[in-house]
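Engineer: Need the 3D shape of this:
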Amino acid sequence: MRIPTATYRIQFTPQFGFENAQAIAAYLADLGISDLYASPIFWARSGSTHGYDVVDAAQLNPELGTTEAFEALVSKLQSLGMGWLQDIVPNHMAYSSENHYLMDILEHGPDSDYTDYFDLSWNVPFGDRQERILAPLLGDFYGVSLEKGDIQLQYSQTGLTVNYYSLKLPLRLESYTKFLTYNLGKITRTLGRNHPDFIKLLGILYILKNVPSEVVGKQRQDQIAFIKGLIWELYNTNDAIHEFIEENLKIFNGEPGNSDSFNLLDELLREQFYRLSFWKVGAEEMNYRRFFTVNELISVKVEEMRVFNNTHSLIHQLVAEGKFTGLRIDHIDGLYNPLQYLERLRENMGDVYITVEKILELTEDLPENWDIQGTSGYDFLNYVNGVFCQTENQSAFDKIYHAFINSSVSYASLVKEKKHLILEKNLAGDIDNLSVLLKNISSKYRYGNDFTLNGLKRAIAEVLTLFPIYRTYITADGISDSDRACIQEVIRQAREQTPLLQNELTFIEKLMLLEFDDSLTQTEREQWIYFVLRMQQYSGPLMAKGVEDTTLYVYNRLLSLNEVGGNPSHFGISAAEFHTFNRKHQANWPHTMNGTATHDTKRGEDLRARINVLSELPQEWEQQVNTWSYLNQDRRSDRHGFAMPDRNDEYFLYQTLVGAFPFDDREQSSLVERVKDYMIKAIREAKVHTAWLRPDSEYEEACASFIDKILDPSISEQFLAAFRPFQERIAYYGMFNSLSQTLLKTIAPGVPDFYQGTELWELSLVDPDNRRPVDFEQRRAYLSAIREQIETDILKLIQELLNDKTDGRIKLFLTAQLLKARTDYLSLFQEGDYLPLEIKGTHADRILAFARRQGDRTAIAIAPRFLTSLIQPGENPLGESVWQDTHLQLPSGTSSAWKNVLTEQLLKTTGTLPIGAALADFPVALLVSAE
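Structural biologist: Next up is the predicted model:
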């Protein structure tokens, strides 16, 4: 197995394809990256900027380049000794006209060859739900869209389709008869009954009415293609038939303003295998499983072996050919049976490096029976971020936050409230489906005979709301001790909070714990298991939408902690907790990924590093934020005595501005629009005053206007004069946090992952802001100059970088030096023991240090933190004058001679190591034993 030394995440887009990646490959190799980590590169919806809306996983995305361009990129990487870690999407595909598997189902219904491809109500075993597949893709109510003429019938070589802007859905075969027989008398009179083409048309109608129902699969598709070909031939060769079809199209498409003129099209749409509807309908009526709550992403039944083989055929080929050397699995928790999937994947792909996108709570562990190398790094991100939050100031920040928003909020209560909100507003249809499943099971047992559908729905909602983790992994093979304890605790809490549902909750617990009655038949056991596995698929989406995409935009005490997989009620991480986490990683998952930024993170890694500085300055932060609010009080809008933005959103905005303000004044012009776009997304996600389902344009416009005004020097000179000095001070200390974070990520157990562009300062906001183009030419030029200066006079270079930190070259220098060291001592960092180091002296709490040891080789990482009371802006945390008597205890039996591989300076010491000596020239240190 190839274990990456370091990965670099590239977001492929139509504007940045295979040729662009080939152009930067040498730069990445020079930086010290061993493996390109690619966003999904399979055929996606046209114009996709992220690749997760796949329409065919068995083909490369032509918008990223030709097959030849892909092969050239692979060859370039291989010539540089680099691998390719590929992000794959097994859980869902795009609900799109370009998804030919789905379109086949919508055209042929149960006779389609692909009915087992997607999680549709048709596929529910032990049930008889055969309603039309929902197509909740309209921008307005169905009737409004129809009578405005937005829904149009069109005809082309592929046949009759229903078009709604770029959406194009096929008509079932039976609908052709209704269309072609309408006004048939006219074409009869025009051509005459004996005209050969009229006879052909009658023959087509006869065939349409008499396609045998037992004809299915390829044979049926061939017959339909033959019929469509005959119609198309007549349409193109006979002017009268061409005119007849065009006139019928015009009649069926109706006249806006004449409601009755749309009756024909309405009738035609009602007989399809799908039901076009307003997109909001998907929140309450849903008969296919989605990715979270996204109607445009339909979930795949990858548990079906045929589906697995098809969707993984190209992946398998590229792994077998050595072009993909690793796989990252997107949204593992969305799968019906993650363990089964991973076992099949390992069997299919062989001994390849595999990580999964898995959100772990702070004390949660990966299932030990997963044959993978670890996660894609959110767990590490939240631990390394948390160590830069000063935990002892939690109560002070509680008081500041509650006083500013004039309310005392409980994070736990908010989580439960927002989860209930998502269940009621976004996942109601999905919970209905689960409730029907449970009702079908319970009605067969005397102790469940009186359960009502409403009671079961409330019980399911309560259980899912109280889930403290993303999901459990119960299968037909059994239940782990940790999952059993989780279910029992959730049910206990649910009984306390909803005592009227005791019996329903007891029944759910019995099912979830697989406590089968002896009298159950094999079919009834399978029903239980099916419900349990389906139930487990919804705790993850609820956590994601209720916590990550709602609560984390409402609970704004310290935004640096509001991150994917994080728990902002936990105010920071202690050094002991960080060391314990790393020791467990080294023991159990030594090759897991260590991330600090991803395509999904809520804010850039250096933006978080800045906001963490606030945790050190509660009194000053309180004074500043109240001053700003006072100065900006006249910039708010008023609606019947209610100020817009409200106090919570205003508090959110000030932290965002402190974190996002660029170093370069030339970038400030774009900041206003970026922050406005971000703020609209944030307040919609919060779902307090506005939401995606119910936008409040007045509130949104008031927030955007507030941002315009406070960032306009001609209007808010006084605010900016108060804001900028403090913001610049926070930004100064944030740079040191970022350098320490980079060191910890690269040297801690695991594979360090670098999101595109983060080798310089990274102050992006949530997507799509973090997918902006990266200036690789600038980075290449910076790195080349740094490499040259390292060879000539490294200390002079470091001094220059320290004098001009704001351009980010100091972070690039550190990254390159760390990755060089990681390559030079690869075995040490991949396999070496992890040893927390004891720090003593005046500033012991401001140093985080650990050693990596393998045999007689030891490396020591030293990362400062909490520097606001140690140095002033403009000063550097260097030398004994700053660190005084602070020192660390060297591991027993280690060398007395050390080389700082960042500065290339030698250091001699015995027993203890003065921090001032280790940090004599650079703000962080990586020492490697020189003997």
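Engineer: quick one, domains of this structure?
Structural biologist: 7-91+302-357, 100-291, 384-393+559-734, 412-541 (automatic domain parsing).
Engineer: For the nearest residue to Ala930 once chain neighbours are set aside, give me phi and psi.
Structural biologist: Using C-beta to C-beta, 6 or more residues apart in numbering and skipping the chain neighbours, the partner closest in space to Ala930 is Ala897 (4.0 Å). Glycine gets a C-beta too; all of them are placed from N, C-alpha and C. Note on Ala897: its backbone torsions stand at phi -110, psi 130 [degrees, to the nearest 10].
Engineer: pretty sure Ala897 is in contact with Glu931, am I right?
Structural biologist: Yes: if you go by C-beta atoms under 8 Å, Ala897 and Glu931 touch, sitting 5.1 Å apart.
Engineer: ok, the two, which is more surrounded?
Structural biologist: Neighbour count, other C-beta atoms under 10 Å: between Ala897 and Glu931, Ala897 has more, with 14 against 11.
Engineer: Could you tell me how far that one is located from Ser929?
Structural biologist: To Ser929, Ala897 is 7 Å away according to C-beta to C-beta, to the nearest Å.
Engineer: ok, back up a step: and the domains of the chain: which comes nearest Leu797?
Structural biologist: Nearest to Leu797 among the domains of the chain is domain 7-91+302-357 (16.4 Å), distances taken as C-beta to C-beta.
Engineer: distance between the ends of the closest one?
Structural biologist: Domain 7-91+302-357 has an end-to-end distance of 15 Å (criterion: C-alpha to C-alpha, to the nearest Å).
Engineer: what is the rounded mean pLDDT of that domain?
Structural biologist: Averaging pLDDT along domain 7-91+302-357 gives 98.
Engineer: Over to stretch 664-675?
Structural biologist: The pLDDT scores in stretch 664-675 average 89.
Engineer: That one: which residues count as buried?
Structural biologist: Buried residues in stretch 664-675, counted by 16 or more other C-beta atoms under 10 Å: Leu671, Arg674, Val675.
Engineer: Touching that stretch from outside, list them.
Structural biologist: When contacts are defined by C-beta atoms under 8 Å, 6 or more residues apart in numbering, stretch 664-675 is touched by residues Leu653, Thr656, Leu657, Ala660, Phe661, Pro662, Ile707, Asp708, Leu711, Leu765, Asp769, Thr806.
Engineer: Could you rerun that using 10 Å?
Structural biologist: 653, 656-657, 660-662, 682, 704, 707-708, 710-713, 761, 763-765, 769, 772, 806-808 (C-beta atoms under 10 Å, 6 or more residues apart in numbering).
Engineer: Just the buried subset of the residues you listed, please.
Structural biologist: Buried by 16+ other C-beta under 10 Å: 653, 656-657, 660-662, 682, 704, 707-708, 710-711, 761, 763-765, 769, 808, out of the contacts of stretch 664-675.
Engineer: Arg9 looks like it's in a strand, true?
Structural biologist: Yes: using DSSP: H, G, I helix; E, B strand; the rest coil, the assignment for Arg9 is a strand.
Engineer: How many residues are close by it?
Structural biologist: When neighbours are counted by other C-beta under 10 Å, Arg9 registers 23.
Engineer: among the helices and strands of the protein, which has the poorest mean pLDDT?
Structural biologist: Lowest by mean pLDDT, DSSP states H and E among the helices and strands of the chain is helix 217-237, with a mean of 87.
Engineer: helices and strands around that one, which ones?
Structural biologist: helix 100-108, strand 151-156, strand 159-164, helix 173-181, helix 196-209, helix 239-252 (3 or more C-beta pairs under 10 Å, 6 or more residues apart in numbering; DSSP states H and E).
Engineer: Packing partners of the helix or strand just after the fourth one?
Structural biologist: It stands for helix 173-181. Next along the chain after helix 173-181, taking DSSP states H and E as the criterion, comes helix 184-191. Applying 3+ C-beta pairs under 10 Å, 6+ apart, we find helix 184-191 packed against helix 196-209, helix 239-252.
Engineer: List the buried residues for helix 184-191?
Structural biologist: By 16+ other C-beta under 10 Å, the buried positions in helix 184-191 come out as Ile187, Leu191.
Engineer: Ok, stretch 605-624 next?
Structural biologist: By neighbour count on 16+ other C-beta under 10 Å, the buried set for stretch 605-624 is 605-618, 621-622, 624.
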